[in-house]
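Student: Return a 3D structure for these sequence lines:
(3 chains)
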Amino acid sequence: MDGRAAGHRLSELAARFGLEWRGEDVLLRGACTLQAADPAPGSLAFLANPAYRRHLAGTRAAAVLLHPDEAAASPVPVLLSTNPYASYARVAALFDAVPARPPGIHPSAVVDPGASIDPAAHVGPLVVVGARSRVHAGAVLGPGCIVGEDCEVGEGSELVARVTLVRRVRLGRRVLVHPGAVLGADGFGIAPGPEGWTKVPQLGGVVVGDDCEIGANTTIDRGAIEDTVLEEDVRLDNQIQIGHNVRIGAHTAMAGCAAVAGSTRIGRWCLIGGGAGIVGHVEIADRVSIAAMSLVTASLPEPGEYASGTPLQGKREWRRNAVRFGQLDRIVRALKTQEPTPHD
Amino acid sequence: MDGRAAGHRLSELAARFGLEWRGEDVLLRGACTLQAADPAPGSLAFLANPAYRRHLAGTRAAAVLLHPDEAAASPVPVLLSTNPYASYARVAALFDAVPARPPGIHPSAVVDPGASIDPAAHVGPLVVVGARSRVHAGAVLGPGCIVGEDCEVGEGSELVARVTLVRRVRLGRRVLVHPGAVLGADGFGIAPGPEGWTKVPQLGGVVVGDDCEIGANTTIDRGAIEDTVLEEDVRLDNQIQIGHNVRIGAHTAMAGCAAVAGSTRIGRWCLIGGGAGIVGHVEIADRVSIAAMSLVTASLPEPGEYASGTPLQGKREWRRNAVRFGQLDRIVRALKTQEPTPHD
Amino acid sequence: MDGRAAGHRLSELAARFGLEWRGEDVLLRGACTLQAADPAPGSLAFLANPAYRRHLAGTRAAAVLLHPDEAAASPVPVLLSTNPYASYARVAALFDAVPARPPGIHPSAVVDPGASIDPAAHVGPLVVVGARSRVHAGAVLGPGCIVGEDCEVGEGSELVARVTLVRRVRLGRRVLVHPGAVLGADGFGIAPGPEGWTKVPQLGGVVVGDDCEIGANTTIDRGAIEDTVLEEDVRLDNQIQIGHNVRIGAHTAMAGCAAVAGSTRIGRWCLIGGGAGIVGHVEIADRVSIAAMSLVTASLPEPGEYASGTPLQGKREWRRNAVRFGQLDRIVRALKTQEPTPHD
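Tutor: Next comes the predicted model:
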């Protein structure tokens, strides 16, 4: 809690995570980058991305976590893993000075008498919990969170701060939701009529599976009739928008500002790039990868990598090409007229 | 309030909404999809989108709301409407277990003595209301809402939860604002100088007409001098950004993550697709439709459908085409040089 | 505080800001646009954008702030500046009825005993301040703000309302943060494994330089190991997403909904258009300008203007061209085959 955790010997880390180690049994108290000019004493670096290999020889880290194949090149003690990034993730958790969130309900929280809070849950300052909602053991509702009616926060789940679960939102276990996220708001259902729009009631909820993570200011609407569903281990970055009745398969990860319109189904182990959009009512297969800022306008029944858009260019050059894009069909048709052999 | 409303006979719904009905006079207590495998007893489905017609014959719903032309094919009792989606919207409102928001001010709310709260308004827990703001009869300020100075919340309007009206925001009647929305923040006005930016004060406000809906985490900045304006019945989905001094015409609907830059005027009955962008200082006519993720860079004086962008493809194929886009003007010029007859 | 500030004579404004003036020494009490049909008495307009020059002759403003070259055409008294927009920004600040935020801690705020609040700081209603955080003189924490552990809010900085600083966020002096912004949430670090994702702890913080402005619902993640950094006078509009370990150079301005992925470095005095995206791990030079909704996928070592995308067209015409884009490489290859002289 002083911003710097207690130290761990290299040998202790190796034993704890089932890894090998070599060199001096140094005491490690934090992490640094491989290229850090002046790391704090006792800092562990890692090497996972080959682009950073050039920094290994000159590293000032106290030890490096890397693949056994790279170990010989390290000037400092090493911790060995065939998946250095995942191993780093586990080791670094020991260095993270996470604030304590002890069980109990802060006196400033407003909890509906019909809500059920496990004694082993933490309900922080200025939290609101509505009727019929249940908060399970080990769950954390950080400062300023609002949990509406008929919600459930599973064991060990954490709403970091100022998260809103509007209504009928059920989180599984170990779900982590970052500040500003809004789950369970009305889906965008409006029926047109001659005099204006009629709002379509949104009768469903949101179901979030175990081990999901939901980024800051991300929004997930509740379903129109059935539920909006995230299966387990779905990872959403910040400012993502998930429309009503979407279903996202297990282990799919989406980068910041991506958006999925209503009733679309996304498979398992997909990777959706930052700012990418997926229209409503389509189906995306498992293991589909979508490039940043691409727009998906139809179902993708096959795994693979997909993209749309045009390359960045200097603005004058880009403008000339963009003008030609606007004439493209006309140009191609003119070519066909001129030439005896159609090439298209 | 038990998550399932009291039931309504088919005949009763027909009478209430001026519709015809046929078949057994079943008791309806909720909604289901036409294709639901195991709907709760007493569930009403609807058929509006022809793509779902194939589910009608096998439906397990207790009754179906559909167009008279489809009625003969229904295996269950029917409720008939020439606009089934709009009729469903009205009927389903009866099935929506909306939490009660009784009049009164929660003891944890912080209300400035210079604010005016109608006795028939609901001010929920941990709400803040600033000086000179007025909250009218039937208005609801849900948990955690912040209403700054000089704001007005009209009759029957609802800020669901954790909405912020920063300053000089006036909402009409029956406006619905979802969690995380921020109305009336400073517009992005900065004047360049040799040593850095000077902030331009934002002296205007935000005016929102009757029956507007504003989605979760949407932002609407207040005007620089005059007001930012939404006319009546404007429908904004989640995470939309509206710059200062924008004016949006009545009945226009915008899908999630769309954005409009400052001083742009949008007509009535427009449909703006998800993630679409509209630059500043342009005018969009009535009944313009913009495709998802398109960018509007100039005024559109004519109604119609508009789009920009390129189609999604497999990444290798896309890359080859994208490279050619970057050469497009050069390629076309070379063609012209080679051929005697200009085709462009 | 009555929504209209006390008045200032034209001569007084001239003296205060080192400007010249001509005409009657009118009393000014607010601002209006040059073309306002019925401005309040005593309203000052300005002329900076030549597109508005046509409104000068008919203006109903009480006075106009403009470039000396335009002065002769003004029908009303003038205030002269060679940078009229920047001068207007300074003058208009006098007309802005900013609510008072007196020093002191509101009784509803929840302040950790280990936090340090300067007596000259304002801590508003329903604010939370965590352990070891420091709030300096003249700082304002508006209603509903949450400042987590180990944060710092510098002299004269303002969190307008409902801002969240999650952890290890250090704001310099005179930083302005708008509602809904989330600084210091976990960066999106996840390591893949055969059974799912492992979360990578985010051990760094966020450092924001003096005079930065951060828009409503913008998110800035804290660093994985080192800090995410905004240098001084960076101006971010609403709904911007800044990934972990990004560094943004002084005086750079980004328009709404732009996004920067992790570890990217952006230079000084850059202008990033609305909705533009920049991928991770690239470097952008000083004085780079990116057009709205463009995607930057590689480093840009040279200053200049850059763009990607295609022009907006009527949807039928656009679709024909978009189809051709999808065939572009094939078409160009066919042309080369047909013609003896390669033109590419």
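Student: Now do the same contact list for the residue nearest the centre of chain A.
Tutor: By CA atoms, centre = their mean, the mean C-alpha position of chain A lies nearest to A:L236, the distance being 2.8 Å. Each residue near A:L236 by CB atoms under 8 Å, 6 or more residues apart in numbering or on different chains is listed here: A:212-215, A:218, A:230, A:242, A:253-254. In this view, the C-beta of every residue, glycine as well, is placed from N, C-alpha and C.
Student: which bits of the stretch 1-150 of chain A sit near chain B?
Tutor: Neighbours of chain B within the stretch 1-150 of chain A, by CB under 8 Å from any CB of the partner chain: A:108, A:110, A:126, A:128, A:130-132, A:144, A:146, A:148-150.
Student: From the contacts of A:L236, pick the one nearest B:I225.
Tutor: Checking the contacts of A:L236 against B:I225 with CB to CB, the nearest one is A:T218 at 34.3 Å.
Student: Return the distance of A:I290 relative to B:L312.
Tutor: According to CB to CB, to the nearest Å, A:I290 and B:L312 sit 8 Å apart.
Student: between those two, who's got more neighbours?
Tutor: The neighbour count for A:I290 versus B:L312, taken as other CB atoms under 10 Å in any protein chain shown, is higher for A:I290 (28 against 22).
Student: Looks like the more buried one contacts A:G274 (just checking).
Tutor: No - look at A:I290 against A:G274 with CB atoms under 8 Å: they stay out of range, at 10.0 Å.
Student: where does the stretch 51-200 of chain A dip in pLDDT?
Tutor: Residues of the stretch 51-200 of chain A meeting the criterion pLDDT under 70: none.
Student: tell me, how many neighbours does the closest residue to A:C270 other than its chain neighbours end up with?
Tutor: Spatial nearest neighbour of A:C270, excluding adjacent residues (CB to CB, 6 or more residues apart in numbering or on different chains): A:T252 at 4.2 Å. Counted with other CB under 10 Å, the neighbours of A:T252 add up to 25.
Student: quick revisit: could you tell me which residues touch both of A:I290 and B:L312?
Tutor: Common neighbours of A:I290 and B:L312, counting by CB under 8 Å, 6+ apart, are A:296, A:306-307.
Student: And chain A, split by domain according to the record?
Tutor: Domain assignment for chain A by automatic domain parsing gives A:8-95, A:104-306, A:314-344.
Student: quick check, the first one touching chain C?
Tutor: Yes - Domain A:8-95 lies within reach of chain C by CB under 8 Å from any CB, at A:30-33, A:36, A:51, A:83, A:85-86, A:88-90, A:92-93, A:95.
Student: List only buried entries from those residues.
Tutor: Of the members of the residues of domain A:8-95 next to chain C, the ones counted as buried by neighbours, 16 or more other CB atoms under 10 Å in any protein chain shown, are A:30-33, A:36, A:85-86, A:88-90, A:92, A:95.
Student: Filter these down to the ones in strands?
Tutor: Among those, the ones falling in strands (DSSP state E) are A:30-31.
Student: can you give me the helices for the stretch 201-344 of chain A?
Tutor: Secondary structure of the stretch 201-344 of chain A (DSSP state H, counting those that start in this stretch): helices located at A:315-325, A:328-338.
Student: for the first one, what is the average pLDDT?
Tutor: Rounded to a whole number, the mean pLDDT of helix A:315-325 is 97.
Student: now what about that helix, what contacts it?
Tutor: A:310, A:312-313, A:331, B:325-329, B:332, C:289, C:291, C:304-311, C:321, C:325.
Student: Return the set of buried residues in it.
Tutor: For helix A:315-325, burial by neighbour count (16+ other CB under 10 Å) applies to A:315, A:318-319, A:321-322, A:324-325.
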